[in-house]
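Enquirer: Below are the sequence and a predicted model for it; my questions follow.
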Amino acid sequence: MKPKMILIMGGQGVGKGTHARALVERDGYGYIETGAILRELPPESPVAQIMARGDLVPDNDLFGIISDAINKTHGDIILDGFPRTIGQAQWIVKNYADKFDVRVICLNVPQDIMLARIQKRIREGGGRADDADEAIVHRRLDNFFKTTMPAIEWLRNADGIRFSDVDVCDEDFNVNFARVSNAAA
Ligand code: AMP
């Protein structure tokens with residue numbers, strides 16, 4: 001049996017990290033959090049400057065980082081924040097669908113709830129510079145609709161992987177998490 005590779009996708013504020021970490025804690029998946037890996041880069045690096053603007057890092061800067069991270073893991077893994085473009089989605093399927101049982105979990109919440117969660121993020125900042133500035137948070141949201149939604153649509157129809165839409169707009173985290181767990185199982 002191939003190990004699982006779970007791709008957690010969805011817009012800002014849908015709870016990708018929270019659900020991914022809950023799965024990691026419960027089931028012991030290897031965890032690759034793209035944003036956290038990139039935040040380790042020196043602030044003066046070109047990638048850090050792209051992130052500070054709220055833009056997406058170019059695909060070619062990411063492929064080496066992500067393949068190194070995948071190579072370091074054993075068994076089932078979760079990718080949080082990757083892929084975010086059609087190019088990244090195609091790269092994952094082309095290079096990994098034969099080695100892993102690839103499952104996309106697309107977290108969905110209505111746009112008004114997503115916006116409310118984002119407003120909360122802006123107010124609270126969460127310690128991240130790119131969460132404290134309203135214009136930058138909105139730029140990331142625009143990038144989600146313009147660039148990541150088409151990648152999600154491409155994956156929805158891709159051969160050789162499993163795609164699940166998961167509604168995570170319940171007030172109770174446990175209800176949402178049970179749905180995410182079902183899609184991951
Ligand atoms: P996150 O912590 O997932 O919100 O990511 C923070 C920032 O890292 C994003 O706003 C992007 O600038 C960059 N980033 C993270 N993942 C990706 C990706 N898959 N493709 C391009 N840029 C990314």
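Expert: Yep, that arrived. From a predicted model like this one, the values you see are computed outputs, not experimental measurements.
Enquirer: This structure: strands as residue ranges?
Expert: 4-9, 30-33, 77-80, 101-108, 162-167 (DSSP state E).
Enquirer: deepest of these, which one?
Expert: Mean neighbour count (mean count of other CB atoms under 10 Å) peaks for strand 4-9 among those, with a mean of 25. Where C-beta positions appear, they are placed from N, C-alpha and C, glycine not excepted.
Enquirer: between it and strand 162-167, what angle do the directions make?
Expert: Between the axes of strand 4-9 and strand 162-167, defined by axes from the mean of the first three to the mean of the last three CA atoms, to 10 degrees, the angle is 40 degrees.
Enquirer: contacts for strand 4-9?
Expert: Contact partners of strand 4-9, identified using CB atoms under 8 Å, 6 or more residues apart in numbering, comprise 16, 19-20, 23, 29, 76-83, 92, 96, 100-107, 148, 151-152, 155, 184.
Enquirer: re earlier: rebuild the strands of the chain as TSV, extending it with mean pLDDT and distance to residue 143.
Expert: What follows is these, written out as TSV (pLDDT from 0 to 100; distance: least, CB to CB, whole Å):
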stretch	mean pLDDT	distance to residue 143
strand 4-9	98	13
strand 30-33	96	18
strand 77-80	98	17
strand 101-108	97	17
strand 162-167	97	21
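Enquirer: Would you format these as JSON lines with distance to the ligand included?
Expert: Output for the strands of the chain, formatted as JSON lines (distance: least, CB to the nearest ligand atom, whole Å):
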{"stretch": "strand 4-9", "distance to the ligand": "10"}
{"stretch": "strand 30-33", "distance to the ligand": "7"}
{"stretch": "strand 77-80", "distance to the ligand": "7"}
{"stretch": "strand 101-108", "distance to the ligand": "13"}
{"stretch": "strand 162-167", "distance to the ligand": "18"}
